[in-house]
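Novice: Return atomic coordinates for the entry below.
(one chain, ligands or ions: 1)
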Amino acid sequence: MLELTTVTARYGRRTALDQVTLTLTPGITALVGPNGAGKSTLMRIATTLQRPSSGTLHLDGHPLISRADNLRARERIGFLPQDFKSDPRFSVTEHVTYQAWLRGVPRMAWDSAVREAVGRVNLEDRADDRMGRLSGGMRQRAGIAGAIVGNPDILILDEPTVGLDPSQRIEFRATLTSLDSTSILLSTHLIEDVSATAERIIILNEGQIVHDGPTSALQEQGVESAGVSRLEDAYISTLRPSVADA
Ligand SMILES: Nc1ncnc2c1ncn2[C@@H]1O[C@H](COP(=O)(O)OP(=O)(O)OP(=O)(O)O)[C@@H](O)[C@H]1O
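Specialist: Predicted coordinates:
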């Protein structure tokens, strides 16, 4: 299990994350919040790619301090960054193999791991196609294949449904719920993605966690109205300053 304890991230004088503490539990957890809330910062820190300004990370109880600790942790963490870029001349297989190399999947296992990951996202027929020639939905699936190659137990996906059309989003959700990773952290601006996939929802606002709990429990707090689902209503109410704060 991955734990973040009182993690703070500053960019110059701006505090992007303010004393965030969370444990990534098994299952799918959605991370939502307004633009600039700190979601991408939190995700990059959770992957160990970015060091927090203060606070600690633990993986299965072991603190991640040295570069060696971080490299070992990264072997267990698959990551799809926001707007992920890949060389457009790479084939799908080459893209996924490159990710396997970056994540320290043993060379002997590359062929089978890549084939398995590409199959998981149903891109076997496009395995030799260049990344630059794929549709947005297929590119995103290839990105997920790169994140899941070697079956990492933790998967971190930063806005994976951006740029997908409605049918591609539905397809993506099915892919997501079929994955083997133990813990998945998914950031999104789309509340329908949360209700369709995530059992836990974390709401981040101005660098702080303002809600963390089962999606079903938050949904029960909301009221459905024209064009607004119960979960959307509850999410908006969570972000609204309370009367006491006003
Ligand atoms: N490299 C950086 N340098 C300076 N400021 C940054 C940097 N990255 C993020 N920030 C600032 O930190 C805050 C949090 O940004 P972050 O990208 O983590 O939020 P987010 O919730 O992912 O936003 P979005 O939903 O728009 O992607 C924002 O105010 C942002 O402008």
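Novice: for T48, what are its contacts?
Specialist: L57, L64, N70, A73, R74, I77 (C-beta atoms under 8 Å, 6 or more residues apart in numbering). To be clear about C-beta, it is placed using only N, CA and C from the backbone, and glycine gets the same treatment.
Novice: try it again with 7 Å
Specialist: By C-beta atoms under 7 Å, 6 or more residues apart in numbering, the residues touching T48 are L57, L64, N70, A73, R74.
Novice: so when I look at the third one, I'm seeing a helix, right?
Specialist: Yes. The assignment for N70 (DSSP: H, G, I helix; E, B strand; the rest coil) places it in a helix.
Novice: neighbours around it, how many?
Specialist: 17 (other C-beta atoms under 10 Å).
Novice: Now the residue nearest to it when sequence neighbours are not counted: which helix or strand?
Specialist: Leaving aside its chain neighbours, N70 sits nearest to T48 (4.0 Å; criterion: C-beta to C-beta, 6 or more residues apart in numbering). Secondary structure assigned from DSSP states H and E places T48 in neither a helix nor a strand.
Novice: Can you list the buried residues in the strand or helix carrying A113?
Specialist: Counting by DSSP H and E, the element that carries A113 is helix 110-120. Within helix 110-120, the residues that qualify as buried are W110, A113, V114, E116, A117, V118, R120, counting by 16 or more other C-beta atoms under 10 Å.
Novice: got JSON lines for these, with distance to the ligand too?
Specialist: Shown next, in JSON lines, are the buried residues of helix 110-120 (distance: C-beta to the nearest ligand atom, whole Å):
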{"residue": "W110", "distance to the ligand": "32"}
{"residue": "A113", "distance to the ligand": "30"}
{"residue": "V114", "distance to the ligand": "30"}
{"residue": "E116", "distance to the ligand": "31"}
{"residue": "A117", "distance to the ligand": "26"}
{"residue": "V118", "distance to the ligand": "28"}
{"residue": "R120", "distance to the ligand": "26"}
